[in-house]
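In: here's my sequence, what's the structure:
(2 chains)
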Amino acid sequence: MSKPPTRRTRRTSSSTPSKRRLLPAFLLAMVLPAMVVLTVYVLYLDHLVQQKFEGKRWAIPSRVYARALELYPQAPLSSESLESELKLIGYQRSSDGIAPGSYYRTGNTFVISSRAFTHWDGEEPARSLRLTIDQNRVTSLTNKRNGKSLTLARLQPMEIGSIYPAQKEDRILVKLSDLPPELISALQAVEDRNFQEHYGVDVTGIARAAWSNIRAGHVVQGGSTLTQQLVKNFYLNNERTLWRKVNEALMALLLEYHYSKSDILEAYANEIYLGQDGARAIHGFGLAAQFYFNKPVQELTLPESAMLVAILRGPTYYDPRRSPKRALERRNQIIDTLLADGLIKQEKALPAKQASLGVIPKPVRGTGLHPAFIDLVKRQLQKDYQEEDLRSEGLRIFTTLDPIAQRTAEQALVRWTEKLEQSRKLKANLLQGSVVISRVGSGEVSAVVGGRDVRFDGFNRALDIRRPIGSLVKPALYLTALMQPQTYTLTTLLNDEPLQLKQPGNDKVWAPENYDRISHGAVPLIDALAHSYNLAAVNLGMALGVNQVIRTLRTLGIEATIPAYPSVLLGAVDLSPLEMAQMYQTLADQGFYTQLRAVREVLTQDGKPLQHFAMDTEQRLSVPHVYLINYALREALRSGTGANVAQRIPADIELGGKTGTTNDLRDSWFAGFGSEYVGVVWMGSDDNKVTGLTGASGALQVWADIMTRINLSRGEQPLPVDIEMVRIDRTTGLRADNGCNDSARLLPFINDTAPNEDALCARSAVEDTLNNLLDNVKGWFE
Amino acid sequence: MANQITKSRAGLYLLVSITIGAAGCSNIPIQTTQPAQPTQPTQPQPVQTQPARPAQPTQPAQPQSQPAQRSAVSVQLLAQAETLQQSGNLSGAIAQVERAVRIEPRNAYAWHRLATLQLAAGDLNRAEQFARRSNQYAAGNRELIEANQKVMNEVRRLQ
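Out: Next comes the predicted model:
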């Protein structure tokens, strides 16, 4: 609450000494105890009234916000994404974009009147922006009022949900000064005409109500004052007894005795019940304005204010979504009353009555919007907060959720699971899946999808499912090799030949196979990874030592204990999509480990910083080593196991990653990254049935859909200082040059580790050049 | 006694942050956004300027800002951070630079500033790691690499 309730100073009444009279003993015996009992009772009520009004009046759920969208020239952003973000934060499209919280779009140019917002790290004023987008990039950003260019602006963050108190009452606290005057006058005109005069109970009001009720033959008017209504909702239960009525009246009088009219009105404005959203009860005008009109209460128009006053008489009966006709009638009655009372003028009343209801479709809110992400938020916060505080202290939690990425991920997963079930004639709803998306650089989680039913707040397959990771393990294996640059480079030939291994602990012989059941002989390391050859991987892994590979996994951020079996080399280890995201995050950040996080900042209800989750990072691997493996992962996507989506990826967007397929085609994985985002997709079935999907035919499709939509900027990485690019002949793995155009490719090497020997094609080219030179030289002397 | 040590340490951090902050902000020449050139005089090895991508016949021009260059956004946020730091609001300054890093995760200057601010705040571990992170994107910018080295030297001295 904004300010403590002001106590009324009450003049002390001077009691006039009454004449002493002798009373009969029996009267004394009857009246005195009754008086004492009554006094004690009133004192008790008085205590109740004050205690609750002075203390924390309501358990306020914590509000959870998404990241705020940053707007600046050159920002990677598509017009579609901007428009959906604007809709998500409740901005309305209009013909000019002048009203606060509205926008106007023509083609790729937007005019936005943004609302002011207190971000955790500073205030953002309300602005009038003009912004142009071209080819997925903001090309100009100006202040629409003066035409000056702007360096940086940000929109308010979308509210993605709340963490509720046990009784599921929800409200957004407002101050009296936030309420439009028309709302206050409508409330009083309809509910309690004498509010400003009475002492809590309004005798003339009761009489008037009784008279109207008698005339009408049924109850048309209530005689309760706003104070009584507040008492009823705030202190008492719903019993309809005379005793409760007496209590209500007494408490109303006490409340008025202690507190000012404006304190009572403000409490009323926050307490009043105005609707139901599933299990969540909508209380107060602040939340109701959001719930029905998707705007802050300050921006309510006259007909909208009248609508809220109409609803409070019977939130179910006058529900504008269910009974729009009835609600509209009631709203217009209220506007008529305002007109009749001279509170508004005719020229305002008419258009207000003609206005449509303007009620938005019921928003999917609360934890219901992105439950899997909120789940991650709760887990991060549970290390520092009691569940009870999250539910009742009205904390403002600023998270890292990117609504655009989240929606894109949800839609891609839903679309592909349906599509694949149809095209592959799978049983309906056999396929499940999950997605984790995070930001390169900060390790902030942008999106979490916990299953196909994206609104389902239950089993979270992104965080809690643990499945064999298959070939997703291989970058750790090859990285272990590349960390010894004198022994292994991207062109080192590996042995893709069959082998048999004894598993420790039992006598079973393990004979791994390639997916295509063919052995490929001597294969360059980069191709063994790109094509995910199992035999080359196991041969290499056994040479390096299983423990070394497990150590690399740990370095990359996998904290689970992994038993040292050779089969780990092919990913026979059960891990979650979130753990995979952590591993690939470290790769994307070139060996810098940053624990994935979903929360940036927690503020108290009144905006004081409570906890800042400072950015963090830890260099665990040498940048050039990781550079090599990342190069190979890009190659894997372009021409290796990921090649079937390569043509869908714009040529200038750098993406890389690895497929994972487990035995008998049960689990389908893809993990990878671009310049902006890391993404992991798992697909499979809940009861571990065969899905027939490889990493490429399942998860990769989803991944590519998401990444091509969100990772809009190209990923030019500066070459690390210790890396040189060398042209290599594909067939021999030796140095190539212009003479080897067809078979040459450019590959990175740690300085002084590239092959010294020239390939045949190169040597002939060198000879040609030499001959030419000699000819020229000869020419000079001829 | 313990108090004194903390005090003198705090003074030291301040001193360090001022010297390094100055190094980070004034001595390093500001590069403006420009298309990448095939050879840059500051880079000793011409091979380094080759783009990191599979061999392709044509390489598109690079209109976007390069990691070690200063964009208008980061210049503005880093200037705000500077003002906040000078008024003694370290956490406010850090928040501004974190915002810059979120917007441009490969901005070597922003990471460097985060390092100097954490050094000033006495978080040696973060200071060191952010300086390393800055080097990761420094792309051969000697002044910046030297400034990061200074941070790391200070961290070592204070540890």
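
In: now A:V546: closest residue in space that isn't a chain neighbour?
Out: The shortest distance from A:V546 to any non-neighbouring residue, by Cβ to Cβ, 6 or more residues apart in numbering or on different chains, is to A:A564 (4.8 Å). The C-beta positions use only the backbone N, C-alpha and C, and glycine is treated the same way.

In: would you enumerate the residues in contact with the residue in the stretch 151-300 of chain A positioned nearest to chain B?
Out: Going by Cβ to the nearest Cβ, chain B is nearest to A:T151 of the stretch 151-300 of chain A, at 4.7 Å. By Cβ atoms under 8 Å, 6 or more residues apart in numbering or on different chains, A:T151 lies in contact with A:72-73, A:141, B:72-73, B:76.

In: pLDDT weak spots in the stretch 1-150 of chain A?
Out: A:1-23 (pLDDT under 70).

In: near chain B, which residues of it?
Out: Residues of the stretch 1-150 of chain A lying near chain B by Cβ under 8 Å from any Cβ of the partner chain: A:70, A:72-75, A:120-122.

In: so what's the residue count around A:R638?
Out: Residues within reach of A:R638, counting by other Cβ atoms under 10 Å in any protein chain shown, total 19.

In: equivalent analysis for A:F234, please.
Out: 19.

In: for the residue nearest to it when sequence neighbours are not counted, give me the backbone phi and psi.
Out: Closest residue to A:F234 apart from its sequence neighbours, by Cβ to Cβ, 6+ apart: A:E271 at 5.5 Å. The phi/psi pair for A:E271 (degrees, to the nearest 10) reads phi -90, psi -40.

In: what about A:E271, distance to A:Q605?
Out: 17 Å (Cβ to Cβ, to the nearest Å).

In: more crowded one of these two?
Out: Just comparing A:E271 and A:Q605: by other Cβ under 10 Å the higher neighbour count belongs to A:E271, 19 against 16.

In: identify the residue of chain B closest to chain A, quick one.
Out: B:P105 (2.4 Å).

In: so where does that residue fall, helix or strand?
Out: Of the helices and strands defined by DSSP states H and E, none includes B:P105.

In: in this structure it contacts A:E444, no?
Out: No: between B:P105 and A:E444 there is no contact under Cβ atoms under 8 Å: 9.9 Å.

In: skipping its backbone neighbours, what lies nearest residue 111 in space?
Out: Here I'm looking at chain A. A:G97 is the one closest to A:V111 (Cβ to Cβ, 6+ apart), at 3.6 Å.

In: that's the wrong chain, I wanted chain B
Out: B:W111 sits nearest to B:S134 (Cβ to Cβ, 6+ apart), 3.8 Å away.

In: how about that neighbour, what does it touch?
Out: Counting by Cβ under 8 Å, 6+ apart, B:S134 has contacts B:108-109, B:111-112, B:114-115, B:144, B:148.

In: can you flag the buried ones in those?
Out: B:108-109, B:111-112, B:114-115, B:144, B:148 (16 or more other Cβ atoms under 10 Å in any protein chain shown).

In: how about those residues, which pair is most distant?
Out: For the buried ones among the contacts of B:S134, the farthest-apart pair by Cβ to Cβ is B:L114 and B:L144; their separation is 13.1 Å.

In: tell me how many other residues crowd A:Y677.
Out: 22.

In: and what of A:E497?
Out: Around A:E497 there are 14 residues (other Cβ under 10 Å).

In: A:P524 versus that one, what's the distance?
Out: Distance from A:E497 to A:P524, by Cβ to Cβ: 15 Å.

In: what of A:S639?
Out: 13 Å.

In: more neighbours, those two?
Out: Per other Cβ under 10 Å, whichever of A:S639 and A:P524 has more neighbours is A:P524, with 22 against 15.

In: contacting residues for that one?
Out: Contacts of A:P524 (Cβ under 8 Å, 6+ apart): A:490-494, A:733.

In: can you give me the distance of it to A:D121?
Out: Separation of A:P524 from A:D121 (Cβ to Cβ): 48 Å.

In: same check on A:R208?
Out: For A:R208, the distance to A:D121 - Cβ to Cβ - is 55 Å.

In: the two: who's more crowded?
Out: A:D121 (19 against 15).

In: count the residues that sit near A:N772.
Out: Neighbours of A:N772 using other Cβ under 10 Å come to 10.

In: can you say which helix or strand has it in it?
Out: Going by DSSP H and E, A:N772 is part of helix A:760-781.

In: and that helix, average pLDDT?
Out: For helix A:760-781, mean pLDDT is 67.

In: now swap in stretch A:294-310 and tell me
Out: 93.

In: which strands and helices lie in contact with the helix or strand harbouring A:A29?
Out: If you go by DSSP H and E, A:A29 is part of helix A:25-54. Secondary-structure packing of helix A:25-54 (3 or more Cβ pairs under 8 Å, 6 or more residues apart in numbering or on different chains; DSSP states H and E): helix A:226-235, helix A:242-258.
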